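J.: The sequence and its predicted three-dimensional model are supplied below.
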Amino acid sequence: MANTLIIVGGQFGDEGKGKIVDFLAEKADMIVRYSGGNNAGHTVVSGGETFKLHIIPSGIIRKNKVNIIGNGTVVNPDVLVDEMENLEKMGLTVNEKNLILSSAAHVISERHIMDDSSSASSKMIGTTGRGIGPCYCDKVVRTGTRIGDFVKGKSGTAVSLRPFVKDTYSIINDAIDAGKHVLFEGAQGTLLDVDHGTYPFVTSSNSIAGGALIGSGVGPTKIREVCGVFKAYSTRVGGGPFPTELGNESMTKEEDSVDMLRKELSAEGFERLLRKTVIKANEGDAYTQGRLLRMQGYEYGTTTSRPRRTGWFDGVAARYAARVNGMTCAAITKLDVLRNLDKIKICVAYLINGKQTGNFLLGAEELSKAVPVYEEMSGWKEDISKARKADDLPAAAKNYLGRLQQVIGVPIGIISVGAGREETIPLGNMLW
Ligand code: IMP
Ligand code: MG
């Protein structure tokens, strides 16, 4: 059987996929980005340095890996060149050996970006404004420009990208046939998938595991494992239904970014605000519970620095995600962020017009009316970021994970308790 693994976001994006990819990439020979563009923001912390990636696969941070930007992606050539230069400035090597760009990926133009930032629908959805939707639109109506054609041009960007461009389907399939470890890196999340997400509040590509096949030119029989990445709670950037949201979108939008807060307040001031927030959250104020998750989890967009909407773990949506991706395992990230809470809730069903259901709803309007049915579990106070094996975790955290595993319906393979590579607990039950 092929040594392949697809890593997908199980929620609304920002699950910490970049970190899980980086961790699992140790074993990989090749890392393939298959969908989306520079709407994604993957943060990877390694050796005390923070790398922010938007279009280049997270495998670039490790040496001797082949990184592929697949045919399913949309690429802004200037952004790609900038990202390559920034990585080189940080001491990494980026060359035609470790980065390959599919000739069939589509080019994001100035016009795409303009259309994305001016249209009323983009504003309603709260897109990242990077031209993603208009570019995929041109692709599907067959008026787009592919990278292979773009690099035939004479512009400086075209010339500098030319050596990186190849037909990547053969390179990827050759690697799989040779028994190499090939990792497919998802962007965004299941609930942002254009077919399976909360349409129209979605991105314009297939972020689920099926998208990995289309976005790379690999057949379904070649995939061995699908790992879904879930944050231990939920977040969402931009508009759209969010059943387990704490507080509401407009309150969150008005909040300062954490950078602003840190600038305005001294370190002690920030700690004082955090302590106050903990007290109010444990008095039961839902909005403040969400704010606590935002502050402790640094929930501000990597791409747009917008404060993210936060909420409890949505087990109904998670089970749905497990099914539409055919997940074989799950990774739970940011477990450490749940500290300081007396009680933690998990949504296990929705009430729709007074009727209980365990099924996710595809209609955005229907979903926005779903009332979550919660189970309450004990929280913990401890900072668990030093835990290196499951047994190091407090009993309450272990119970919470046990319940998450039941609710999602697939075994948990990895737990993440911090941003660093070492702040990861592999449970030894993945095939990879
Ligand atoms: P677009 O992908 O820029 O068209 O944005 C469509 C929706 O997807 C918006 O709600 C964005 O906030 C969301 N989105 C796109 N990329 C990401 C991501 O990488 N993380 C989280 N949300 C995203
Ligand atoms: Mg992100």
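T.: Perfect, I can see it now. Ligands and ions are numbered 1, 2, ... in the order given.
J.: how about stretch 35-51 as CSV, C-alpha atoms only?
T.: The C-alpha trace of stretch 35-51 is given here as CSV (Å, rounded to 0.1, in the frame of the first residue of the first chain):
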residue,chain,number,x,y,z
SER,A,35,-6.1,23.6,-2.9
GLY,A,36,-6.6,27.3,-2.1
GLY,A,37,-4.0,30.0,-2.3
ASN,A,38,-2.6,32.8,-0.2
ASN,A,39,-5.9,33.0,1.7
ALA,A,40,-4.3,30.4,3.9
GLY,A,41,-2.0,31.3,6.7
HIS,A,42,0.0,28.5,8.2
THR,A,43,2.1,29.3,11.2
VAL,A,44,5.0,26.9,12.1
VAL,A,45,7.2,27.5,15.1
SER,A,46,10.5,25.7,14.9
GLY,A,47,13.8,26.2,16.7
GLY,A,48,12.5,29.4,18.3
GLU,A,49,11.6,30.9,14.9
THR,A,50,8.1,31.6,13.7
PHE,A,51,7.5,30.9,10.0
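J.: Show me which positions of stretch 420-427 end up buried.
T.: With burial defined by 16 or more other Cβ atoms under 10 Å, the residues of stretch 420-427 counted as buried are Arg421, Glu423, Thr424, Ile425, Pro426. Every C-beta, even on glycine, is put in place using the N, C-alpha and C of the backbone.
J.: Equivalent analysis for stretch 185-200, please.
T.: For stretch 185-200, the neighbour count (16+ other Cβ under 10 Å) marks 185-194, 196-198 as buried.
J.: Those residues: which ones sit near ligand 1?
T.: When those are checked against ligand 1 using Cβ under 6 Å from any ligand atom, the ones in range are Ala187, Gln188, Leu192.
J.: So Glu225 sits against Ile7, correct?
T.: No. If you go by Cβ atoms under 8 Å, Glu225 and Ile7 don't touch, sitting 9.3 Å apart.
J.: In terms of neighbours, single out the busier of the two.
T.: Ranked by neighbour count (other Cβ atoms under 10 Å), Glu225 and Ile7 place Ile7 first, with 26 against 20.
J.: Which of the helices or strands spans that one?
T.: Using DSSP states H and E, Ile7 falls within strand 4-9.
J.: Show me what the next helix-or-strand element following that strand is packed against.
T.: Of the helices and strands lying after strand 4-9 in sequence (DSSP H and E), the nearest is helix 17-24. Under the contact definition 3 or more Cβ pairs under 8 Å, 6 or more residues apart in numbering; DSSP states H and E, helix 17-24 sits against strand 4-9, strand 42-46, strand 182-185, strand 225-231, strand 329-333, strand 412-416, strand 424-426.
J.: Show me what the second one packs onto, helices and strands only.
T.: I take that to be strand 42-46. helix 17-24, strand 49-53.
J.: Ok, which of these comes nearest Gly402?
T.: helix 17-24 (20.2 Å; Cβ to Cβ).
J.: Take that closest one, keep the C-alpha atoms, and write them as PDB.
T.: Taking only C-alpha atoms (Å, rounded to 0.1, in the frame of the first residue of the first chain), the coordinates of helix 17-24 have been written out as PDB:
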ATOM      1  CA  LYS A  17      -2.700  22.100  10.300                       C
ATOM      2  CA  GLY A  18       0.700  23.800   9.600                       C
ATOM      3  CA  LYS A  19       2.000  22.600  12.900                       C
ATOM      4  CA  ILE A  20       0.700  19.100  12.500                       C
ATOM      5  CA  VAL A  21       2.100  18.900   8.900                       C
ATOM      6  CA  ASP A  22       5.500  20.200  10.100                       C
ATOM      7  CA  PHE A  23       5.500  17.500  12.800                       C
ATOM      8  CA  LEU A  24       4.500  14.700  10.500                       C
END
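J.: hmm, it touching ligand 2?
T.: No. Using Cβ under 5 Å from the ion, helix 17-24 stays clear of ligand 2, coming no nearer than 7.3 Å.
J.: quick one: that helix near ligand 1?
T.: No. With Cβ under 6 Å from any ligand atom as the criterion, ligand 1 is not reached by helix 17-24; the gap is at least 8.9 Å.
J.: Near ligand 2, which residues of this protein are found?
T.: Listed as neighbours of ligand 2 in the chain under the rule Cβ under 5 Å from the ion: Asp14, Gly41, Thr302.
J.: got JSON lines for the residues you listed, with pLDDT and neighbour count too?
T.: Supplementary listing: these in JSON lines, determined by pLDDT from 0 to 100; neighbours: other Cβ atoms under 10 Å:
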{"residue": "Asp14", "pLDDT": "94", "neighbour count": "29"}
{"residue": "Gly41", "pLDDT": "87", "neighbour count": "19"}
{"residue": "Thr302", "pLDDT": "70", "neighbour count": "17"}
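J.: and which of these is nearest Ala395?
T.: Using Cβ to Cβ, Asp14 is the member of those that lies nearest Ala395, at 28.7 Å.
J.: surely the closest one meets Ser234?
T.: No. Using Cβ under 8 Å, Asp14 is not in contact with Ser234, being 9.9 Å away.
J.: thinking again about what came up before, ok, of the helices and strands packed on helix 17-24, where does mean pLDDT dip lowest?
T.: For these, the weakest mean pLDDT is recorded on strand 42-46, namely a mean of 86.
J.: Now do that one against helix 17-24, angle only.
T.: Calculated by axes from the mean of the first three to the mean of the last three Cα atoms, to 10 degrees, strand 42-46 forms an angle of 40 degrees with helix 17-24.
J.: All the strands of the stretch 51-200 of the chain, residue numbers only.
T.: Counting by DSSP state E, counting those that start in this stretch, the stretch 51-200 of the chain has these strands, from start to end: 66-69, 74-75, 99-102, 106-107, 165-166, 182-185.
J.: who does the fourth one touch, helix- and strand-wise?
T.: Applying 3+ Cβ pairs under 8 Å, 6+ apart, one finds that strand 106-107 makes contact with strand 74-75, helix 132-140, helix 147-150.
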